[in-house]
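**Student:** no FASTA, just this:
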Ligand SMILES: [Zn+2]
């Protein structure tokens, strides 16, 4: 591979992206990882990069891929894969559906955990408000008792 062509092609694609001619998708077209989220097999939030699947000279033909898939596809720039599905099977083999399901599950678990934390915070807030209401009611009763001693018998 000609390293000069690679650098030139990457720079040209970066310019096309910056100019809005090419738009990266907000997810990896190969594994489905969503940009800026914390997928279970990543240490850091997902970043999406352009992958020149048809050669660096072909600056318009790119896939949006995560760093992990980009690393797997480091020697796959010469048009041997023409669809993200082909690249997915190359990287994940026959297990890619299992991986996709695991990914989906981890997302759902993440959502559930977030909801549980919100519910816990709301319960605490509720308990605090109930406590305040109770204190105010007690104060009111005491003041009413002082103002209207005759009403106590009602
Ligand atoms: Zn990926």
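**Tutor:** Okay, I see it. Computed from a predicted model, the values in this text were never measured in an experiment.

**Student:** helix, strand or coil for residue 63?
**Tutor:** For residue 63, the assignment made with DSSP: H, G, I helix; E, B strand; the rest coil gives strand.

**Student:** Please name the residues that touch it.
**Tutor:** 29-30, 50-51, 53, 84, 87 (Cβ atoms under 8 Å, 6 or more residues apart in numbering). Any C-beta I mention is one placed from the backbone N, CA and C, and that applies to glycine too.

**Student:** beta partners of it?
**Tutor:** residue 51 (DSSP bridges).

**Student:** give me phi/psi at the residue nearest to residue 16 when sequence neighbours are not counted?
**Tutor:** Excluding the flanking residues, the one nearest residue 16 by Cβ to Cβ, 6 or more residues apart in numbering is residue 22, at 4.4 Å. Torsion angles at residue 22 (phi, psi; degrees, to the nearest 10) stand at phi -110, psi 140.

**Student:** Confirm for me that residue 22 is in contact with residue 50.
**Tutor:** Yes - at 7.3 Å, residue 22 counts as touching residue 50 under the criterion of Cβ atoms under 8 Å.

**Student:** Could you list the residues of this protein in contact with the ion?
**Tutor:** 28, 30-31, 33, 66, 69 (Cβ under 5 Å from the ion).

**Student:** between residue 22 and residue 50, what contacts are shared?
**Tutor:** 13, 62.

**Student:** avg pLDDT for the helix or strand hosting residue 139?
**Tutor:** Using DSSP states H and E, residue 139 sits within helix 96-147. For helix 96-147, mean pLDDT rounds to 86.

**Student:** What helices and strands are in contact with that helix?
**Tutor:** Contacts defined by 3 or more Cβ pairs under 8 Å, 6 or more residues apart in numbering; DSSP states H and E place helix 96-147 against helix 84-92.
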